[in-house]
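Trainee: Got a predicted structure plus its sequence, pasted below:
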Amino acid sequence: MTWRFAMAHPANEDVAARFKMKRDGFERLRAMLLEDEKVGQVAPWGVRTMSHGLPQQPPTPEISLERYRLYRLILSDLGALGVTRSDGLGPSICILVWASGWAGDAIHVAVCRFEGDTSPFASDRSARYSYFSLGDHWYGMRDDM
């Protein structure tokens, strides 16, 4: 018999309220990641860059230690676990706000911004994730369907 102990994931309304209350922090992370075009992911364990897929500890050629610490400070203020960006034009930027489980049993909740005219509903993303609008190209995303 297997037991899984985990906190229940936050309701869509809770994610929306958190986003509304701390929107400036979410916008700041978005702006920073758009500026740092070579950075693909920032988390407590380090960074992943577009040219080096393995986690690295800053400083790296792509990100200074001070910049990494600023990311971590904002993530901490948001109560978030990490931030990622897709590559290419019109990247999506997702800020992970909750996670539970491991590997194939993992469940995630994130706040994502889709740049330009992109939408999570215009691709295969909508088959794997459920989304709810937060306004202005921002969406809550969950993969617990």
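Mentor: Here it is on my side, so go on. Given the structure is predicted, the values throughout are model-derived calculations rather than measurements.
Trainee: what sits against the nearest residue to Gln56 once chain neighbours are set aside?
Mentor: Nearest residue to Gln56 in three dimensions, chain neighbours excluded: Gly46, at 5.3 Å (Cβ to Cβ, 6 or more residues apart in numbering). C-beta coordinates here come from the backbone N, C-alpha and C atoms, glycine included. Counting by Cβ atoms under 8 Å, 6 or more residues apart in numbering, Gly46 makes contact with 55-58, 68.
Trainee: Let me have these in JSON lines, extended by secondary structure and neighbour count.
Mentor: Shown next, in JSON lines, are the contacts of Gly46 (DSSP: H, G, I helix; E, B strand; the rest coil; neighbours: other Cβ atoms under 10 Å):
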{"residue": "Pro55", "secondary structure": "coil", "neighbour count": "12"}
{"residue": "Gln56", "secondary structure": "strand", "neighbour count": "17"}
{"residue": "Gln57", "secondary structure": "coil", "neighbour count": "10"}
{"residue": "Pro58", "secondary structure": "coil", "neighbour count": "18"}
{"residue": "Tyr68", "secondary structure": "helix", "neighbour count": "20"}
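Trainee: one step back: distance of the residue nearest to Gln56 relative to Thr84?
Mentor: Applying Cβ to Cβ, to the nearest Å, the value for Gly46 to Thr84 is 13 Å.
Trainee: Give me the contacts around stretch 17-28.
Mentor: 10, 74, 77-79, 95, 97, 111, 113, 134, 138, 140.
Trainee: Buried only: go through those residues for me.
Mentor: Buried by 16 or more other Cβ atoms under 10 Å: 10, 74, 78, 95, 97, 111, 113, 134, 138, 140, out of those.
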